[in-house]
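Asker: What shape does this take:
(one chain, ligands or ions: 1)
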Amino acid sequence: MLTIYVITPFPDILNAIFGQSMLKKAVDREKVKYVVINLFDFVNKDDGGIDDYPFGVSKGMIMKAGPVLRAFNSINIKKARVVFPTPDGQLFTQKIATDLSNESSLVFVCGHYKGIDQRIRDSIVTDELSIGDYVLTNGELPSLVMIDSIVRLIPGVLNHYESAETDSFFDDLLDGPHYTRPRDYEGLKVPNVLLSGHHQKIKDWFLDKRIEKTKKRRKDLFEKYKSKNNGEKNE
Ligand code: ADE
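Answerer: This next block holds a predicted model:
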């Protein structure tokens with residue numbers, strides 16, 4: 001079972017999402033446990049709060065080292081990957097999500113304001129990760145994005161694990177089109193091939209659609225796919 005610890009000054013944001021949909025099902029199925037740690041429980045009299053003015057050239061408030069490091073020490077685990085979501089981190093990818101889904105403990109440290117004291121990053125953080133080239137106001141949202149993508153990869157969390165195998169990025173191709181009943185919704189029809197019962201034709205059609213979309217939207221991914229598949233099915 002994967003235990004995910006999240007250190008945050010806003011536990012309600014996390015608890016609201018952990019209590020719904022697949023992230024909750026993963027708990028019910030005993031695949032994951034979430035431990036939300038309220039940073040304010042670790043503020044001392046001397047701290048005066050969780051943030052303070054910066055030394056040097058920085059502008060904006062900085063989260064103090066003391067409360068975060070005490071919250072981290074309260075976890076009392078020997079070894080864990082410690083993720084700090086930050087726009088100056090390495091880009092978070094499906095490959096990193098897969099790696100992290102194989103761990104037994106993960107810790108997320110949610111930053112706020114201008115950032116966190118560098119000593120936190122230097123002493124406990126193992127993975128500084130960005131979810132994209134834009135800046136958010138808080139670390140809770142990127143933590144949730146990453147946790148969601150990690151948890152769904154744990155075997156037994158999704159009803160159909162194979163559905164993760166056709167995910168965008170699983171094999172360097174974007175996902176293809178999906179349809180369900182009815183066959184005809186006010187003239188909007190499901191493609192005939194899907195109703196043909198011809199499994200190989202359906203598989204080929206789906207692969208073609210994925211290739212077409214990837215080529216159009218993500219040249220970088222398509223080049224990767226092409227080089228791995230030796231020119232097969234890729235013109
Ligand atoms: N915190 C603020 N912006 C972020 C981003 N793009 N990725 C991860 N953490 C962040």
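Asker: What is the neighbour count of Phe92?
Answerer: 21 (other C-beta atoms under 10 Å). To be clear about C-beta, it is placed using only N, CA and C from the backbone, and glycine gets the same treatment.
Asker: Can you spell out which residues form a bridge with the spatially closest residue to it that is not a sequence neighbour?
Answerer: Sequence neighbours aside, Leu129 is the residue nearest to Phe92 in space, at 4.5 Å (criterion: C-beta to C-beta, 6 or more residues apart in numbering). With DSSP bridges as the criterion, Leu129 is bridged to Gln90.
Asker: didn't Leu129 look like it was pressed against Asp88?
Answerer: No - using C-beta atoms under 8 Å, Leu129 makes no contact with Asp88, being 10.1 Å away.
Asker: The closest residue to Asp133 other than its chain neighbours: what's it in contact with?
Answerer: Leaving aside its chain neighbours, Asp133 sits nearest to Pro87 (7.5 Å; criterion: C-beta to C-beta, 6+ apart). Pro87 is in contact with Ser130, Asp133, Tyr134, Val135, Leu136, counting by C-beta atoms under 8 Å, 6 or more residues apart in numbering.
Asker: Mind telling me what element Pro87 is part of?
Answerer: strand 81-91 (DSSP states H and E).
Asker: Pull out the buried positions in that strand.
Answerer: Judged by neighbour count using 16 or more other C-beta atoms under 10 Å, the buried positions of strand 81-91 are Val82, Val83, Phe84, Pro85, Thr86, Gly89.
Asker: what's the farthest-apart pair in the contacts of Pro87?
Answerer: Asp133 and Leu136 (11.6 Å; C-beta to C-beta).
Asker: picking that back up, now the contacts of Pro87: which count as buried?
Answerer: Buried subset of the contacts of Pro87 (neighbour count, 16+ other C-beta under 10 Å): Ser130, Leu136.
Asker: For this structure, what lies in contact range of the ligand?
Answerer: When proximity is defined by C-beta under 6 Å from any ligand atom, the chain lies next to the ligand at Pro85, Thr86, Pro87, Ser130, Ile131, Gly132, Tyr134, Val135, Leu136, Gly139, Pro142.
Asker: Okay, strands next: where are they in the protein?
Answerer: 2-8, 32-38, 51-52, 62-63, 81-91, 105-109, 115-116, 127-130, 184-185, 188-189 (DSSP state E).
Asker: ok and the longest one relative to strand 2-8, angle-wise?
Answerer: Using axes from the mean of the first three to the mean of the last three C-alpha atoms, to 10 degrees, the direction of strand 81-91 lies 70 degrees away from that of strand 2-8.
Asker: and the residue most central in space within the chain, what is it in contact with?
Answerer: Residue closest to the mean C-alpha point of the chain, counted by C-alpha atoms, centre = their mean, is Met146 at 1.8 Å. By C-beta under 8 Å, 6+ apart, Met146 lies in contact with Val83, Pro85, Phe92, Ala97, Leu100, Phe108, Leu129, Ile131.
Asker: what about the first one, distance to Ile131?
Answerer: So the one you mean is Val83. 11 Å (C-beta to C-beta, to the nearest Å).
Asker: got it, and the third one?
Answerer: Look at Phe92 and Ile131: by C-beta to C-beta, they are 5 Å apart.
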